[in-house]
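A.B. asks: What follows is a protein structure lacking sequence information:
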């Protein structure tokens, strides 16, 4: 019997190694798997590379990992969002590396990894500092920049509802980067608000099918 539900958030993030690349879903505070991030903090992995839309807020979740010196590098689009003091302090202390990637590009790089593609050319960062060190090519008279796939060792995502197979449904804008990150990681851990019986979910409403999910833990709805 396939059952991907685990009992605790600690089980959900078990095995993450030092130096891992962690895909962290969410847009601002929406759709972020904060419980899994807290569990990762307690788990102890360090020298992490975090891929996220922004760099966390306050002193919880992603920001707590940064404050604890556990993050080596952040790949994101908006490092300065909300209370970004954790990022700012670490960056100014030169203990944290930053790679800025436009929002659409970061999503497409993960999609390329999920699809097994070797990368793609995009005009988005052409003629900016973001093209430095990258291959460029003129396509139809317009300069394009080559972007490499972006794959994670683990994705920490959040959904509204799951079944024991790992089929997922999201709540409105909380969907954001969650589906593409689930596809682009070697292992996907999901925190959900509730678990339903197999066959309960409308197949047409399932956004992330179970094939992309490895572990599911119910943490309750406290958004």
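C.D. replies: All right, it came through fine. Quick caveat: nothing in here was measured; it's all calculated off a predicted structure.
A.B. asks: Packing partners of the longest helix seen in the chain?
C.D. replies: Looking across the chain with DSSP state H, the single longest helix is helix 103-115. Judged by 3 or more Cβ pairs under 8 Å, 6 or more residues apart in numbering; DSSP states H and E, helix 103-115 is in contact with strand 120-122, strand 142-147, helix 178-183. Where you see a C-beta, it was placed from the backbone N, CA and C, and this is true even at glycine.
A.B. asks: which one of the ones you listed is the most hemmed in?
C.D. replies: helix 178-183 (a mean of 25; mean count of other Cβ atoms under 10 Å).
A.B. asks: neighbouring strands for the following helix or strand past that helix, and are they parallel or not?
C.D. replies: Downstream of helix 178-183, the first helix or strand assigned by DSSP states H and E is strand 185-195. Paired with strand 185-195 in the same sheet, following DSSP bridges, are strand 152-162 (parallel), strand 215-218 (parallel).
A.B. asks: Okay, buried residues for strand 185-195 please.
C.D. replies: The neighbour-count check on strand 185-195 (16 or more other Cβ atoms under 10 Å) flags 185, 187, 188, 189, 190, 191, 192, 193 as buried.
A.B. asks: Among those residues, which one lies nearest to residue 38?
C.D. replies: Checking these against residue 38 by Cβ to Cβ gives residue 191 as the nearest, at 10.2 Å.
A.B. asks: tell me which residues form a beta bridge with that closest one?
C.D. replies: residue 158, residue 217.
A.B. asks: Verify the stated contact: it with residue 158.
C.D. replies: Yes. Counting by Cβ atoms under 8 Å, residue 191 touches residue 158, with 5.3 Å between them.
A.B. asks: Could you pull out the residues contacting both of the two?
C.D. replies: Shared contacts of residue 191 and residue 158, defined by Cβ atoms under 8 Å, 6 or more residues apart in numbering, are found at 33, 36.
A.B. asks: how far away is the closest residue to residue 144 other than its chain neighbours from residue 9?
C.D. replies: Once flanking residues are discounted, residue 144 sits nearest to residue 121: 3.8 Å by Cβ to Cβ, 6 or more residues apart in numbering. Residue 121 is 40 Å from residue 9, where distance means Cβ to Cβ, to the nearest Å.
A.B. asks: before we move on, back to that, put together a markdown table for the buried residues of strand 185-195, with distance to residue 82 and pLDDT on each row.
C.D. replies: What follows is the buried residues of strand 185-195, written out as a markdown table (distance: Cβ to Cβ, whole Å; pLDDT from 0 to 100):
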| residue | distance to residue 82 | pLDDT |
| --- | --- | --- |
| 185 | 25 | 98 |
| 187 | 28 | 98 |
| 188 | 26 | 98 |
| 189 | 24 | 98 |
| 190 | 24 | 98 |
| 191 | 21 | 97 |
| 192 | 24 | 97 |
| 193 | 23 | 96 |
